Structure formats: structure tokens, C-alpha cells
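Engineer: what would the 3D arrangement of this be:
(one chain, ligands or ions: 2)
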Amino acid sequence: MFEAAKTILKQLFLNPATNLFPAKYAPASTIQFLDGVTKGELKLIPPVPVPPGFRGKIAYDRENCTGCQQCYKICPTRAIEWLPEEKKVKIFVSRCCFCAQCVDVCPVNTLAMTEEFLLANYDKYADELVVVDSGELPGAKKRKKSDGEGAETTAQQD
Ligand code: SF4
Ligand code: SF4
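Structural biologist: Numbers count the residues shown, from 1 in each chain. Ligands and ions are numbered 1, 2, ... in the order given. All right, here's what the predicted structure looks like:
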């Protein structure tokens with residue numbers, strides 16, 4: 001009994017373990033709230049940092065992609081669409097289960113899991129949820145046009 005009372009009293013003076021993100025009280029309209037944050041009228045309580053190795057929204061360096069299709073073939077949720085004309089891929093984040101198998105299998109490290117996790121949207125085909133090109137990714141093995149990677153690689157350069 002004494003131990004329980006001690007614990008309860010201690011809790012009264014501790015900060016809550018939860019992070020009150022994005023604001024102390026849930027806003028009536030998140031969109032209006034975020035507008036206010038953008039204009040500097042409202043303050044956002046920042047999210048806690050994500051842990052190392054966090055698997056958030058996928059990123060894709062289109063230029064570096066060799067078109068080998070390995071990511072497309074391994075994806076368990078069919079989140080990756082193969083574009084035969086361009087010999088590139090397109091990723092639908094709304095279908096992605098964040099398993100990172102495509103990242104692991106890509107031979108030129110042209111896919112990566114980012115720390116981005118604010119992905120809620122009413123439209124699953126919104127621009128932010130369809131990844132076509134995220135630009136250069138740090139750590140990618142750059143593909144050189146003249147390094148003789150084979151016919152498949154050369155063919156998709158046109
Ligand atoms: S992370 Fe997994 S589910 Fe998402 S696109 Fe890659 S293979 Fe598919
Ligand atoms: S595995 Fe990598 S190089 Fe191959 S198609 Fe997918 S993104 Fe492009």
C-alpha cells in the first residue's frame with residue numbers, strides 16, 4: 001500500500017511520457033493548424049527523433065536506376081510499378097509495407113528508406129505518395145554510362 005502511494009505521488013511530478021505532437025490539444029482542423037504553423041502564427045511541438053534504421057517513405061534516384069527490375073520483382077505488395085517504355089520504376093507509397101526488401105536488393109543502392117513518416121493523405125495517388133524521382137541519394141553506387149555494365153544498362157540510357 002505504501003509502495004503504491006509512493007508511486008502515485010511520484011507520477012504527479014513527472015513529465016508525461018507521450019510527446020504532444022503536433023500540438024498540446026488536438027486542433028479542430030489539422031490543415032488550418034499547419035497553415036498557421038507555416039505562417040508563423042502557431043507553434044508546432046516537434047516529433048521525437050526517429051531511431052536509427054527507421055523505415056519511412058521510400059526515396060528513389062531515377063537517374064541512377066539501371067532498370068534491372070529486381071525491386072519490382074521482390075516487392076511483396078506490388079507497390080512498385082515497372083515502366084517498360086522508360087525502363088524505370090514508380091513507387092506507390094500507399095501500397096508500401098515498408099519492408100525495405102527493394103532497398104536491400106537494388107544493386108546500385110538507388111532506393112532508400114527515409115525518416116519521413118507524416119504520410120497521411122485523403123488521396124492515395126497524391127503527388128507526395130507516388131515516388132517517381134527523389135534526386136540523388138547519399139551512399140548510392142553511381143552508375144557510369146561508360147563502365148561497361150552490359151547491354152541492358154546501355155540500352156536504357158537512350
Ligand atoms: S519497402 Fe517493401 S513494400 Fe515498400 S516498395 Fe519496397 S519492397 Fe515494396
Ligand atoms: S532494383 Fe534498383 S536499379 Fe533495379 S530497377 Fe529497382 S531501383 Fe532500378
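
Engineer: going forward, measure contacts between C-alpha atoms and count neighbours the same way
Structural biologist: Noted.

Engineer: helices and strands of the protein: which one bottoms out on pLDDT?
Structural biologist: Using mean pLDDT, DSSP states H and E, the weakest-scoring helix or strand in the chain turns out to be helix 151-155, at a mean of 35.

Engineer: so how many other residues sit close to residue 82?
Structural biologist: By other Cα atoms under 10 Å, 18 other residues sit near residue 82.

Engineer: got phi/psi on it?
Structural biologist: Backbone torsions of residue 82, given as degrees, to the nearest 10, read phi -90, psi 130.

Engineer: and for residue 60?
Structural biologist: Dihedral pair for residue 60: phi -140, psi 120, per degrees, to the nearest 10.

Engineer: ok, it touching residue 114?
Structural biologist: No. Residue 60 is beyond contact range of residue 114, at 10.2 Å (criterion: Cα atoms under 8 Å).

Engineer: so for the two, which sits in the more crowded spot?
Structural biologist: Using other Cα under 10 Å as the criterion, residue 60 and residue 114 rank with residue 60 on top: 23 against 13.

Engineer: how about the helices in this protein?
Structural biologist: Using DSSP state H, the helices of the chain run over 2-12, 30-38, 70-74, 101-105, 151-155.

Engineer: residue 84 and residue 68, how far apart?
Structural biologist: Noted for residue 84: a distance of 11 Å to residue 68, by Cα to Cα, to the nearest Å.

Engineer: export the helices of the chain to a markdown table and tack on mean neighbour count?
Structural biologist: Shown next, in a markdown table, are the helices of the chain (neighbours: other Cα atoms under 10 Å):
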| stretch | mean neighbour count |
| --- | --- |
| helix 2-12 | 10 |
| helix 30-38 | 13 |
| helix 70-74 | 17 |
| helix 101-105 | 18 |
| helix 151-155 | 13 |
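
Engineer: looking at these, which is nearest to residue 54?
Structural biologist: Of all the helices of the chain, it is helix 101-105 that lies closest to residue 54, at 12.9 Å by Cα to Cα.

Engineer: residues contacting residue 116?
Structural biologist: Residues in contact with residue 116 (Cα atoms under 8 Å, 6 or more residues apart in numbering) are 56-57.

Engineer: where does the prediction get shaky in this structure?
Structural biologist: Scanning the chain for pLDDT under 70 picks out 139-140, 142-158.
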